[in-house]
Structure formats: C-alpha cells, structure tokens
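Peer 1: the following comprises the amino acid sequence and a computationally predicted model.
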Amino acid sequence: MNESIEQLVPAVEQQLASPETPYVQETYQRLLQDPEIDEQEAKLMIALCLADESERMLDEESEFDTERYQTLLSFLPKLPG
C-alpha cells in the first residue's frame, strides 16, 4: 500500500469520530458488513478516496469538494482510479 495513503489513516480516524462527517462513519460501517473487509482495510479504502479528492484539489487549485468526496465514498468497495 502506498505510504501516502497510510499516512491519511489518522485523518480518516478523525473523520470517523467527528460529528461533522457522519457520512464517513456510515461508509465505514457499510464496508465492515463485508466479511472480507477488516477495519484497517476499510480505513485504507476511505483514505484512498480522501487522497483522490485531495490530489484533485491540489491539481485544480480549488477547495475540498465534500460532495465529490461523498460520491467517491459511495462507490466503495470499488476503488477510485
């Protein structure tokens, strides 16, 4: 797994605990319903979506697009890219 994705896991954990990002917790719980996905893998999948949106934000020099991030999360477990 790409180290930069792994470095985003703490940010994902903060989002999981935050009342401002309930959609992250909903995605996490949905992923854990799959018996083949463990907690760490679910966090890494979410981190990949976070990385994808962060990269787009930097490439386009724009604000973080929460709606796009939520859309990426909705596609999981199919990974973006």
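Peer 2: Arrived safely. Numbers count the residues shown, from 1 in each chain.
Peer 1: helices of the protein, start to end?
Peer 2: 3-6, 9-17, 22-32, 39-60, 66-75 (DSSP state H).
Peer 1: now do the buried residues in the first one.
Peer 2: In this case it means helix 3-6. Neighbour counts over helix 3-6 (16 or more other CB atoms under 10 Å) mark residue 5 as buried. Using the backbone N, CA and C atoms, a C-beta is placed for each residue, glycine as well.
Peer 1: what mean pLDDT does that helix get?
Peer 2: Helix 3-6 shows a mean pLDDT of 86.
Peer 1: next: the longest one.
Peer 2: Helix 39-60 shows a mean pLDDT of 96.
Peer 1: need the contact partners of that helix.
Peer 2: Here helix 39-60 makes contact (CB atoms under 8 Å, 6 or more residues apart in numbering) with 1, 4-6, 8-9, 11-13, 15-16, 24, 27-28, 31-32, 37, 62-65, 68-69, 72-73, 76-77, 79-81.
Peer 1: how close does the residue nearest to the spatial centre of the chain get to residue 27?
Peer 2: Nearest to the geometric centre of the chain sits residue 46, at 2.3 Å (CA atoms, centre = their mean). Residue 46 is 6 Å from residue 27, where distance means CB to CB, to the nearest Å.
Peer 1: what do the two both touch?
Peer 2: Both residue 46 and residue 27 are contacted by 73, 76, under the criterion CB under 8 Å, 6+ apart.
Peer 1: residues contacting residue 65?
Peer 2: Residues in contact with residue 65 (CB under 8 Å, 6+ apart) are 53, 56-57.
Peer 1: got the phi/psi numbers for it?
Peer 2: Main-chain dihedrals, residue 65, degrees, to the nearest 10: phi -100, psi 100.
Peer 1: residue at max distance from the center of this protein?
Peer 2: Distance from the centre of the chain peaks at residue 61, with 20.2 Å (CA atoms, centre = their mean).
Peer 1: what distance do you get for it to residue 39?
Peer 2: Separation of residue 61 from residue 39 (CB to CB) stands at 35 Å.
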